[in-house]
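Asker: Turn this into a structure:
(4 chains)
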Number of protein chains: 2
Amino acid sequence: MTQTTEKTNLADIAYRLLKQDITEGAFLPGDKLLMSALRERYEIGAGPMREALSRLVAEHLVTAASQRGFRVARMSVDELKDIYFARASLEAMIAELAVQRGDDEWEAGVIAAAHTLSRVTELQSEEQMLGLWDARHKAFHDAIARGCGSAKLLELRSTMLDQAERYRQLWLRRTVFSTAALELKQQEHSALLQALLSRDSHEVREKMFDHMMNPIPIITRILSERGLTGGAQTA
Amino acid sequence: MTQTTEKTNLADIAYRLLKQDITEGAFLPGDKLLMSALRERYEIGAGPMREALSRLVAEHLVTAASQRGFRVARMSVDELKDIYFARASLEAMIAELAVQRGDDEWEAGVIAAAHTLSRVTELQSEEQMLGLWDARHKAFHDAIARGCGSAKLLELRSTMLDQAERYRQLWLRRTVFSTAALELKQQEHSALLQALLSRDSHEVREKMFDHMMNPIPIITRILSERGLTGGAQTA
DNA sequence: AAAGTTAAAAATGTAGATATTTTTCACAAA
DNA sequence: TTTGTGAAAAATATCTACATTTTTAACTTT
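Answerer: As a prediction, the model looks like this:
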């Protein structure tokens, strides 16, 4: 047996689908998540659906008010700033640890990921290009973080990533489709890599922090342009 | 109306009760959490009970296997070390930030909490003494952390505290009921406070990290003495 | 307009049906 | 006797359908 089909229950499936739908924008911030609508959409009973929703509440992607149902969590500039700051602080700390504790295998992994990322060219369709760059960019950062050696810290990192995901999606399009922005990112990445290979943990920490804080002004602007924070949805 | 009774649903109540029961040891690590038993204990239907359980799974206090039900998460020395390291790293970072960003009000709060903590005397019963010291000790650390100014970082801190709680309970008794250990803690606290008042953020970071890592050997010993990790529970 | 009343809509909870896993136990082979 | 196998039974988890409670919103009435 190579890879069991990983049995899951319905609540689990609904959880994943809804999470994806929210981060991909199928439901917008502030939208009411009607039980009947969700049950129909995911072809599922109310019990498992509730279970999925309550998990997303724990992750702050959904808000709940007792007897009044669920809504997609609002987005705000304040939350953006807080999430990105916390994430940058954490990621910087993890990177510093990784430089201090990472072994040769880790270093090799980082170099490989950096190389793969630098080779994303605009050959395919724009949407494919977006997906590929995003995947490899994530892989690059994952490769760095992995070296910290703490499963719990990586877990915290992962929860922050989930919370940032909706904001990050906004930034992604602006960055990948702008040659200038993309080149700036490439520069930051190679500077990061250099500091990393020279095992200058303090330098890595600072560079990583700045790298992670960079998107804030861009996303702030996007949020202001279209009021995507979820104001007065009635339905 | 001064303070609404904060309406909650049954799943919420069950969540809190079960969480308390687990951290207080009413259910031991590795114990099977039988649906029928839980429903009877908390006088609740299967739906809400499931909801409560799945929230605790997200917090790593309970493990789930599809179609095979739930168990209290095992404890291990490895996990202890990982949790405490991650927690110490995070707390140290938060404390450093607090020193850099905390205002006068924050400083006053810390001083007040430190004073209250230092005045816990052994007048009442031992159990009461334990509870009081624990509450004030937590309040002291909370007062410090609050200054970091990031709600998300405080949230991360809180999730780590939850995960550490079962291990921390083991440490607590050993510390509070040993005059030597308690005095050592007092010393660490006042050293921490001093560094904090002199606004030496680097010093605070180091002291906080050490302070948080201290309990690991003690807890490791306790875990080894009694095999409280949850081995071969059948029922 | 403001406040009260009532009907529809929606969330929450329970009970029972269904599916899965685990245990039991009889029987056969070593 | 011990060990292994397999089928039946029991225990258990999971899901759906229905009942109950609460909220929302429309409609009066003052």
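
Asker: State the phi and psi torsions of A:Lys32.
Answerer: When read as degrees, to the nearest 10, the backbone of A:Lys32 gives phi -80, psi 130.

Asker: Please apply the same query to A:Arg119.
Answerer: The phi/psi pair for A:Arg119 (degrees, to the nearest 10) is phi -100, psi 10.

Asker: ditto for A:Arg68
Answerer: phi -120, psi 10.

Asker: Then the one 5 residues further on?
Answerer: In terms of degrees, to the nearest 10, the main-chain angles of A:Ala73 are phi -60, psi 140.

Asker: That one: neighbour count?
Answerer: Neighbour count for A:Ala73, taken as other CB atoms under 10 Å in any protein chain shown: 22. All C-beta atoms are positioned from the backbone trio N, CA, C, and that covers glycine.

Asker: One more: the one 10 residues further on?
Answerer: Neighbour count for A:Ile83, taken as other CB under 10 Å: 24.

Asker: Is there proximity between whichever helix or strand it is part of and chain B?
Answerer: In the assignment (DSSP states H and E), A:Ile83 maps to helix A:77-101. Yes. Helix A:77-101 is in contact with chain B by CB under 8 Å from any CB of the partner chain, via A:82-83, A:85-87, A:89-90, A:93, A:97.

Asker: Find the nearest non-adjacent residue to the residue of chain A found nearest DNA strand D, please.
Answerer: Of all residues in chain A, A:Gly45 sits closest to DNA strand D, with a separation of 2.6 Å (CB to the nearest atom of the strand). Nearest-residue entry for A:Gly45: A:Arg39, 6.8 Å, with adjacent residues in sequence omitted and distances by CB to CB, 6 or more residues apart in numbering or on different chains.

Asker: Mind pulling up the pLDDT for that neighbour?
Answerer: A:Arg39 carries a pLDDT value of 91.

Asker: could you pull out the strands for chain A?
Answerer: A:32-33, A:62-65, A:69-72 (DSSP state E).

Asker: List the contacts of stretch A:191-199.
Answerer: A:95, A:99, A:107, A:110-111, A:114, A:144, A:203-204, A:207-208, A:211 (CB atoms under 8 Å, 6 or more residues apart in numbering or on different chains).

Asker: Narrow those residues to just the buried residues.
Answerer: A:95, A:99, A:107, A:110, A:114, A:144, A:203-204, A:207-208, A:211 (16 or more other CB atoms under 10 Å in any protein chain shown).

Asker: biggest separation within these, which pair?
Answerer: The most widely separated members of those, counting by CB to CB, are A:Glu107 and A:His211 (18.9 Å).

Asker: ok, A:Asp134 - contacts?
Answerer: A:172, A:176 are the contacts of A:Asp134 under CB under 8 Å, 6+ apart.

Asker: Swap in 6 Å and give it another go.
Answerer: By CB atoms under 6 Å, 6 or more residues apart in numbering or on different chains, the contact list for A:Asp134 reads A:Leu172.

Asker: Also A:Ala95?
Answerer: Taking CB under 6 Å, 6+ apart, we find A:Ala95 in contact with A:144, A:204, A:208.

Asker: do the same with A:Arg74
Answerer: So A:Arg74 contacts A:29-30, A:229-230 (CB under 6 Å, 6+ apart).

Asker: ok, the contacts of stretch A:191-199 vs chain B, which is closest?
Answerer: Among the contacts of stretch A:191-199, A:Ala95 lies closest to chain B (CB to the nearest CB), at 12.5 Å.

Asker: Surely A:Val204 is in contact with A:Leu97?
Answerer: No. Using CB atoms under 6 Å, A:Val204 is not in contact with A:Leu97; the gap is 9.9 Å.

Asker: Let's see which of the contacts of A:Ala95 end up in helices.
Answerer: Judged by DSSP state H, the contacts of A:Ala95 include A:144, A:204, A:208 as members of helices.

Asker: Quick one: residues contacting the last one.
Answerer: The one in question is A:Met208. A:91-92, A:95.

Asker: again, only using 7 Å
Answerer: Counting by CB atoms under 7 Å, 6 or more residues apart in numbering or on different chains, A:Met208 makes contact with A:91-92, A:95, A:192.

Asker: most surrounded residue in those?
Answerer: Taking other CB under 10 Å as the neighbour criterion, A:Ala95 ranks highest of those with 28 neighbours.

Asker: Once you drop chain neighbours, what's closest to that one?
Answerer: A:Met208 (4.4 Å).

Asker: show me the contacts for A:Phe174.
Answerer: Quick fix: residue A:174 reads Arg, not Phe. A:Arg174 neighbours (CB under 7 Å, 6+ apart): A:181, A:218, A:222.

Asker: wait, which of those is closest to DNA strand C?
Answerer: Using CB to the nearest atom of the strand, A:Ile222 comes nearest to DNA strand C of those, at 29.7 Å.

Asker: what about the residue nearest to that closest one when sequence neighbours are not counted, neighbour count?
Answerer: Leaving aside its sequence neighbours, A:Ile222 sits nearest to A:Leu170 (CB to CB, 6+ apart; 4.8 Å). Neighbour count for A:Leu170, taken as other CB under 10 Å: 21.

Asker: isn't A:Leu170 right next to A:Thr220, touching?
Answerer: No. With contact defined as CB atoms under 7 Å, A:Leu170 and A:Thr220 do not form a contacting pair (9.9 Å).

Asker: Break chain A down into its structural domains.
Answerer: Following automatic domain parsing, one gets these domains for chain A: A:10-72, A:77-225.

Asker: Quick one: closest of the ones you listed to B:Glu51.
Answerer: Here domain A:10-72 is closest among the domains of chain A (CB to CB), at 5.2 Å.

Asker: Mind listing what's buried along stretch A:44-56?
Answerer: By neighbour count on 16+ other CB under 10 Å, the buried set for stretch A:44-56 is A:44, A:47-56.

Asker: Nothing else from me, thank you.
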